[in-house]
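**Student:** below is the sequence, then the predicted model.
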Amino acid sequence: MAVVNITVNDQKISAQMGQTIYQAAAAAGIDIPVLCHHPALPPEGACRVCLVEIDKVRNLQPACTYPVTEGMVVHTASTKVMEARKFALELIISDHPLDCMTCEATGDCRLQDLAYAYGVKGTEFEGGRQHHYAIDDPNPFIQVDRNKCILCRRCVRACNYVNGVEAISVVYRGFNAKIAFGADSTMEDSPCEFCGSCVEVCPVAALWPKMSVGKGRPYQTRQVETVCSYCGVGCKLILHVKGNEIVRVSGADGAANHGFTCVKGRFGYDYVNHTDRLTKPLVRRYLLEGKPKAHAAETAHALSLPGNGHTPDPDMEWVETSWDQALGLVAQKWVATKQTHGRDAFAALCSARCTNEENFLAAKLTRQLMETHSVDHCARL
Amino acid sequence: MTNTFDDIAGYAKCLFIIGSNTTEQHPVFGMQLRQAVKQRGIPLIVADPRRIPITQYATIHLRHKPGTDTALLNGLMNVLVTEDLYDHDFVANRTEGFDDLKAKLVEYTPERVAEICGVKADDIRRAARLMAANKPTALMYAMGITQHTSGHGNVMSCANLQMLLGNLGVPGGGVNPLRGQSNVQGACDMGGLPNVYSGYQNVALEASHKKFEGAWGVVPPEDKPGLTVVEMMNAAIAGKVTAMYVFGENPMLSDPDLNHVRHALESLDFLVVQDLFMTETAQLADVVLPGASFAEKDGTFTNSERRVQLLRPALHPLGDTLPDWQIIAKLGQQLIAAGVLGERTEAIQAAPHGAWDYRNSAQIMEEIATLTPSYGGVHHWRLEAGKGLQWPCPNDEHPGTPILHIGKFTRGLGKLTPVDFLPPVELPDDEYPLLLTTGRVLYHYHTGSLTRRAQGLAAIYPEGLIEMHPEDAARLNLANGEIVEVTSRRGQVNVKADVTEKIQPGVVFMTFHFAESAANLLTNSAYDPIAKIPEFKACAVKVTKLPAGACENC
Ligand code: SF4
Ligand code: SF4
Ligand code: FES
């Protein structure tokens, strides 16, 4: 690609033809603030926070949309630039709730960061009006607070250019402009698939995961990068953890997903700490008492609703045990199986949801210790 | 997959999706495909019996009857050959068996295929021409191809098509099976299959036998494969398998013909289940071991792109639960202590990898790397930063392999194999007049043991449904939301009707996420003789309307 030489704040940098000033500066490690722009989305030029001064160009120009040209000289921090940015921010903030104290996004808010950096306090403009939208949309995943929306259209672009279902748009004009789902309906009545890409890119708390409300500020959580447990795409996720609980999931920059997820990856995590989780080894009483197993007719009915898993037969009652006791018992039983019925009386099913290491060990146990090749899993299912 | 998500999304000139509901089952990749169509304007051909969401973006939707994939693929290839649209260079230089294939394809004229599949002959011609004109085409498939008694043939047909088109070994092409679960790929890679050790080292080969015997001290003496899932179940009923160990699986919902599975598991003397929840399978167990969730352990998953990626523990295991690798390792130690190998214990003590005293999962990966050529360069320390490693990755300097079969196939020349169309073993008849096909929905996963315990997902999609075409519904005088009884030769369930044109007349669709309306009570466990994959995607059922309030569970 053709190289374009430009100067930014007296520093000579070589940019690529077709880059914007923002992209070229970012690549050279020069910081230009952005608000409506998101690196994963096409630029929009809506907020004017990224304004820069360009020699021989009359007006200040948004760096996020303005393309570089050979010999261009750019100033990103002149007084004129700083004042224009401050004004742009004041305008946005004049119609913003300023309830940072209790706002979910505090500590993770682009607007708050910029207001802080530019010393912008709440300014009432002459004749300025404030919105009073009812918070919410009746869906289980995403809270919508239009009072906080700055109409940056990041969510609109994420829905168009990341997901593609085009569920979000900005409707009406001027003071009445607002984001809308489908034909200005609820999210569930729109083509929305709840991938949460809009939440991922929203710079403020206008779109927020419902499950995370009140669960902790970003600086109170630990962030751990791992891999989604669901499908075979293998999206990388960031688990936000407080105490011993996942309070939020966001997309990490994995090779497969580039920072985005689907509904299961982002919002399907709460099974992890579900009260139904088994927490101790369970052994049928007959085993602990050394009795023989009562067969089929008396055992539990598996295809039943939760809570119906126990049988009236006291011998079949579940008893919680220690690991040593449970594993010792299993080992004894398997050894007895092998001795009495031969190697091929044992079979194992390993798991398409467990790790490589675990599956390797299960296959090793089956082959090396139980001495059979009867190990399979549900790849076929 | 032979290729990677990025190269398909970025470089394919045409997309062909067959038997994959991509935007619902592999949503993030589905989004990338949707973007490729929208932003780059490339044509998309979808072959699916249902009007799945991605068909909205399709240039051509081939809505064939379930179980007729091989006929359809043969039809497409017939057009490529008769109209001389195939890649002569690729066929001449990189494949063998063209004449045999060509001879077979003669039988599959678009007109005959149209009749078998219920699609228009002209659509078959258009689709074939579109693929020939826009190279490379990336072919994606999933369980819609494999879960048939003809699954193995279907897979070979996909490869035949891509070889005829010369679309292998190039960015934006390939034969790309999408894996349904986070680590299906890895579970296969690790030797969780009855016929291979890790890295697909065939148990029947003297060399693999020697290698693993040397490494572990003891391996099964015989060179014949063990039992597959379906065979295990049959052997349990026959009293030949008496003890089973099942971890992280719920065959009591996921396997075909559940009444048969239940009978099998109940016939066992001793069943050990290791899982997060008291699943339908765990309820039949004698011992249940509490495993840890993905957020509570480390280790690796291998995605559909063959990309090995690192999991990191975010939480302490809940209560007394343990990461599954620790449970299995402890079981190994206990088995040895209980004398499972008798005098041969010495053999494993003397072997370099015979022991079970693993300190962490990274150490297990070291053993995997040593014994598995395609994982030879995979270590946790290499996965800490960067984008993971795509196997084959034979050594520590190797960067991994994003695209397979560049320049040459593993076996040398690619084999073009003639495949005949075989209909599903059970077809509708007077008694069971509808064809049931099964699948999943966006909001749920597999047997639902996880997603039904995720509040939001359970709220947005609370119950199972049966999709039925308005014509069929009218015959039953059935309205949307009414309850029906669905019966096959193997079982019966009650479920709510979703009357929709998504499905074609004569076919009904159900998911297997919901125990209350478990589709797998109905499905057929007849399986492909080679791949041994059961025919989940086609069986015959009858549907009757139930009077309101007749079913207490729904
Ligand atoms: S909801 Fe968020 S992302 Fe969307 S326009 Fe408003 S502030 Fe921007
Ligand atoms: S986030 Fe969605 S697409 Fe990604 S791995 Fe998880 S389930 Fe698959
Ligand atoms: S960031 Fe450039 S105009 Fe908003």
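**Tutor:** Sure, I can see it. Ligands and ions are numbered 1, 2, ... in the order given.

**Student:** now do the strands in the stretch 351-500 of chain B.
**Tutor:** Using DSSP state E, counting those that start in this stretch, the strands of the stretch 351-500 of chain B run over residues B:389-390, B:414-415, B:434-439, B:465-468, B:483-487, B:492-499.

**Student:** tell me how far the third one lies from the chain's centre.
**Tutor:** When you say that, I think you mean strand B:434-439. 17 Å (CA atoms, centre = their mean, to the nearest Å).

**Student:** same check on the longest one?
**Tutor:** Distance of strand B:492-499 from its chain centroid, counting by CA atoms, centre = their mean, is 25 Å.

**Student:** okay, buried residues for it please.
**Tutor:** B:493-499 (16 or more other CB atoms under 10 Å in any protein chain shown). In short, each C-beta sits where N, CA and C put it, glycine included.

**Student:** for ligand 2, find the nearest of the strands of the stretch 351-500 of chain B.
**Tutor:** strand B:434-439 (15.3 Å; CB to the nearest ligand atom).

**Student:** near ligand 2, which residues of chain B are found?
**Tutor:** For chain B, the contact set with ligand 2 under CB under 6 Å from any ligand atom comprises B:26-28.

**Student:** residues near residue B:530, how many?
**Tutor:** By the criterion of other CB atoms under 10 Å in any protein chain shown, residue B:530 has 11 neighbours.

**Student:** pretty sure it contacts residue B:154?
**Tutor:** No: here residue B:530 does not reach residue B:154: they are 11.3 Å apart, not a contact under CB atoms under 8 Å.

**Student:** sorry, back to before: for the residues of chain B next to ligand 2, which one is nearest ligand 3?
**Tutor:** residue B:28 (26.1 Å).

**Student:** quick check: closest non-adjacent residue to the residue in chain B positioned nearest to ligand 1.
**Tutor:** Here chain B gets closest to ligand 1 at one residue, residue B:31, 17.8 Å apart by CB to the nearest ligand atom. Nearest non-adjacent residue to residue B:31, counting by CB to CB, 6 or more residues apart in numbering or on different chains: residue A:163, 5.1 Å away.

**Student:** and if you look at residue B:330?
**Tutor:** Spatially, and ignoring its direct neighbours in sequence, residue B:330 is nearest to residue A:327 (5.4 Å; CB to CB, 6+ apart).

**Student:** quick one on the thing from earlier: what's the closest of the buried residues of strand B:492-499 to residue A:24?
**Tutor:** residue B:498 (52.5 Å; CB to CB).

**Student:** near the residue of the stretch 1-150 of chain B found nearest ligand 2, how many other residues are there?
**Tutor:** The stretch 1-150 of chain B approaches ligand 2 most closely through residue B:28 (3.6 Å), counting by CB to the nearest ligand atom. Other residues within reach of residue B:28, judged by other CB under 10 Å, total 27.

**Student:** from residue B:535, how far out is residue B:526?
**Tutor:** Note on residue B:526: its distance to residue B:535, by CB to CB, to the nearest Å, is 5 Å.

**Student:** any common contacting residues for these two?
**Tutor:** B:149, B:425-426 (CB atoms under 8 Å, 6 or more residues apart in numbering or on different chains).

**Student:** possible to save those as JSON lines with neighbour count and pLDDT?
**Tutor:** Converted to JSON lines, these look like this (neighbours: other CB atoms under 10 Å in any protein chain shown; pLDDT from 0 to 100):
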{"residue": "B:149", "neighbour count": "23", "pLDDT": "71"}
{"residue": "B:425", "neighbour count": "16", "pLDDT": "82"}
{"residue": "B:426", "neighbour count": "22", "pLDDT": "84"}
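
**Student:** nearest to chain A, of the residues you listed?
**Tutor:** residue B:149 (12.2 Å; CB to the nearest CB).

**Student:** isn't that closest one up against residue B:535?
**Tutor:** Yes: the criterion here is CB under 8 Å, and residue B:149 meets it with residue B:535 at 4.8 Å.

**Student:** need the overlap of contacts for the two.
**Tutor:** B:424-425, B:526-528.

**Student:** tabulate these in a markdown table, adding columns for distance to residue A:231.
**Tutor:** Output for the shared contacts of residue B:149 and residue B:535, formatted as a markdown table (distance: CB to CB, whole Å):
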| residue | distance to residue A:231 |
| --- | --- |
| B:424 | 26 |
| B:425 | 29 |
| B:526 | 27 |
| B:527 | 23 |
| B:528 | 23 |
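
**Student:** which one of the residues you listed is nearest to residue B:270?
**Tutor:** Nearest to residue B:270 among the shared contacts of residue B:149 and residue B:535, with distances taken as CB to CB, is residue B:527, at 26.1 Å.

**Student:** what residue is smack in the middle of chain A?
**Tutor:** residue A:250 (1.9 Å; CA atoms, centre = their mean).

**Student:** how about the contacts made by that residue?
**Tutor:** A:200, A:237-238, A:240, A:261, A:266.

**Student:** again, 6 Å this time
**Tutor:** residue A:238 (CB atoms under 6 Å, 6 or more residues apart in numbering or on different chains).
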